[in-house]
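In: Sequence first, predicted model second:
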Amino acid sequence: MKPGIGEPEGLELLSSQLSDSTINTSIPKGLRTGLKSSLIPAVILDKKLNILWENKKYKELFVNKKRALPVNLVSDFTPFIDTQKLGSIISSISSPEKGYSYKGRLESKNRNRITVIVNIMITPLFKAGETGNPSYYSALFDDITKEHNAMLENTFLSLLEASKLKDNDTGNHIKRVGEYSRFLSEQLFGKAGYDEVNREFIENIHFLAPMHDVGKIGTPDDILNKEGPLDDKEWAIMKEHTKNGAYILQAYPDPMAKDIAVFHHEKWDGSGYPFGIAESQIPLAARIVAMADVYDALRMKRSYKEPFTHAESVSIIRKGSGIHFDPDMIEIFINIENSFNNIFESLKDF
C-alpha cells in the first residue's frame, strides 16, 4: 500500500534509528547535534512533510508539546496550509530547479494562544550516495510573531493618538474601554455558544476596542467639541464617524477592527446606527465594546452632563437589556459589575 500522510516511506526502518537525540545515520552527526541544541526551531521532514524529529525550540512554538511522531507539518499550520499551499511546498521541494528547497511564511492558530507567525526555510538532506529527489529535509523556523505584531500595533497606535488630539473628552476613556472589553471577553472564553472567543480574540479586542471612535478624525471640530445637544444636521454628520472608522481600519488584518468601528453604535433591537441591524447580526466584538463604551460614557463627566455613579450606570445598562444590549451580555455584566467599577476607579481621570 502506498504510504499517505502520517505514513512516511521507510517508517519501520526509521523508527529504530530516530529518537530525541539520534536522527537517521545518513545525516551528519554535526548537523544532528546542531539542530538539537539550536535556539532556532527546527524539524526533520520526509518528502510528504511528515515531521520525523523536532527540537525543543520547535515544540515551544505550540501548546501541545508532548506528542508521538510522526505528525504532518500541515497539522501544525492548519488552516493556513490549505491544498494550494501544500501543493506549492511539495512542488518546490521536489524541484531540482529550486534546489529541492522552499522559503515562505506560515501561520499557526490555536484557541489557547495568539497566532504564531514564522518564516520557514526547507532544505534537502541527502543520504550518502543519494541522487535525485532527497528522502529527507531540514526545516528551520524564524518566529516573527512579536516583531510582526509590534509593527502592526505601532502603525495603528499612531491613528489612535491622532484621534485623541481631536476629542477633548477622550482622557483615559479609551484605555478603560479596552480593559472592560478584555475583561468581559475573558468571561466568555470557554463558554458554550462563544467558540469565536479564543486567546487571540481577547488580545485583539483589548487592543482594538480603544479605536472604536477613530473615525472621529474626520468629524469637524465644531461638531465634535460643541457644548450642548447637536441639531439634526450635526447629528447626521457625527454618526458618520462609524463608517469613517471602518474605512480607516479596513487595512487591519483582523476584521474585528472594522467591525468594532462601524457597528459599536448598533442596538440589539435594531434601533441603532449606521445600518439598523439587530441581535446576532451585530458582531460579538461590537456588542462587547458597545456595553463597555456606554458604561464608561455614563461614568464620565462630559460638557453636556454630570457623571453617573456606578450604581446608577448599572441600573441604566440593565434597563437596556434586549433594547440596546444583548441580554446574554447583560447577565454576564451583572455578575462582574464590580470589576467594571474597579477598572474605572483605577484609570480615573483627574
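Out: Yep, it's here. Residues are numbered from 1 along each chain as shown.
In: What's the end-to-end length of stretch 40-50?
Out: Its first and final residues considered, stretch 40-50 spans 19 Å by C-alpha to C-alpha, to the nearest Å.
In: roughly how far out does it sit from the chain middle?
Out: Averaging C-alpha coordinates over stretch 40-50 and over its chain gives two centres that are 26 Å apart (C-alpha atoms, centre = their mean, to the nearest Å).
In: Could you do stretch 144-156 as well?
Out: Mean C-alpha position of stretch 144-156 versus that of the full chain (C-alpha atoms, centre = their mean) differs by 12 Å.
In: Start at 26, not 1
Out: Yep, numbering from 26; the last one is stretch 169-181 now.
In: ok, and what's touching that stretch?
Out: Stretch 169-181 is contacted from outside by Ile139, Thr140, Val141, Ile142, Val143, Asn144, Phe232, Met236, Leu274, Tyr277, Pro278, Ala282, using C-beta atoms under 8 Å, 6 or more residues apart in numbering. (Each C-beta comes from the backbone N, C-alpha and C, glycine too.)
In: Take those residues and lay them out in CSV including neighbour count.
Out: CSV is the format used below for the contacts of stretch 169-181 (neighbours: other C-beta atoms under 10 Å):
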residue, neighbour count
Ile139, 17
Thr140, 19
Val141, 20
Ile142, 18
Val143, 23
Asn144, 13
Phe232, 21
Met236, 24
Leu274, 24
Tyr277, 19
Pro278, 10
Ala282, 26
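In: any chance of the residues you listed in TSV, plus distance to Lys326?
Out: Written out in TSV, the entries for the contacts of stretch 169-181 read as follows (distance: C-beta to C-beta, whole Å):
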residue	distance to Lys326
Ile139	37
Thr140	40
Val141	44
Ile142	43
Val143	48
Asn144	50
Phe232	27
Met236	23
Leu274	29
Tyr277	32
Pro278	37
Ala282	29
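In: Could you single out the nearest of those residues to Leu98?
Out: Top of the list for closeness to Leu98, among the contacts of stretch 169-181 and by C-beta to C-beta, is Val143 at 11.4 Å.
In: The closest residue in space to the closest one that isn't next to it in sequence - how many residues pack around it?
Out: The spatially closest residue to Val143, leaving aside those adjacent along the chain, is Phe166, at 4.4 Å (C-beta to C-beta, 6 or more residues apart in numbering). Applying other C-beta atoms under 10 Å, we find 21 other residues in the vicinity of Phe166.
In: can you map out the helices along the stretch 226-375 of the chain?
Out: Under the criterion DSSP state H, counting those that start in this stretch, the stretch 226-375 of the chain carries helices at the ranges 246-249, 257-264, 266-273, 281-288, 309-324, 335-344, 352-371.
In: So which of the ones you listed is nearest Leu185?
Out: Judged by C-beta to C-beta, the one of the helices of the stretch 226-375 of the chain that comes nearest to Leu185 is helix 266-273, at 10.5 Å.
In: Render the CA-only coordinates of the helix or strand where Leu177 lies in PDB, please.
Out: In this structure, Leu177 sits in helix 170-191 according to DSSP states H and E. Below are the C-alpha coordinates for helix 170-191, written out as PDB (Å, rounded to 0.1, in the frame of the first residue of the first chain):
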ATOM      1  CA  THR A 170       5.200  36.900  15.800                       C
ATOM      2  CA  LYS A 171       6.400  39.600  18.200                       C
ATOM      3  CA  GLU A 172       8.000  41.700  15.600                       C
ATOM      4  CA  HIS A 173       5.000  41.400  13.200                       C
ATOM      5  CA  ASN A 174       2.500  42.300  15.900                       C
ATOM      6  CA  ALA A 175       4.600  45.200  17.300                       C
ATOM      7  CA  MET A 176       5.000  46.700  13.800                       C
ATOM      8  CA  LEU A 177       1.200  46.400  13.200                       C
ATOM      9  CA  GLU A 178       0.300  47.800  16.600                       C
ATOM     10  CA  ASN A 179       2.700  50.800  16.300                       C
ATOM     11  CA  THR A 180       1.200  51.700  12.900                       C
ATOM     12  CA  PHE A 181      -2.300  51.800  14.200                       C
ATOM     13  CA  LEU A 182      -1.400  53.300  17.500                       C
ATOM     14  CA  SER A 183      -0.400  56.400  15.600                       C
ATOM     15  CA  LEU A 184      -4.000  56.700  14.300                       C
ATOM     16  CA  LEU A 185      -5.300  56.300  17.900                       C
ATOM     17  CA  GLU A 186      -3.000  59.200  19.000                       C
ATOM     18  CA  ALA A 187      -4.300  61.400  16.200                       C
ATOM     19  CA  SER A 188      -7.900  60.700  17.200                       C
ATOM     20  CA  LYS A 189      -7.100  61.600  20.800                       C
ATOM     21  CA  LEU A 190      -6.000  65.100  19.600                       C
ATOM     22  CA  LYS A 191      -9.400  65.600  18.000                       C
END
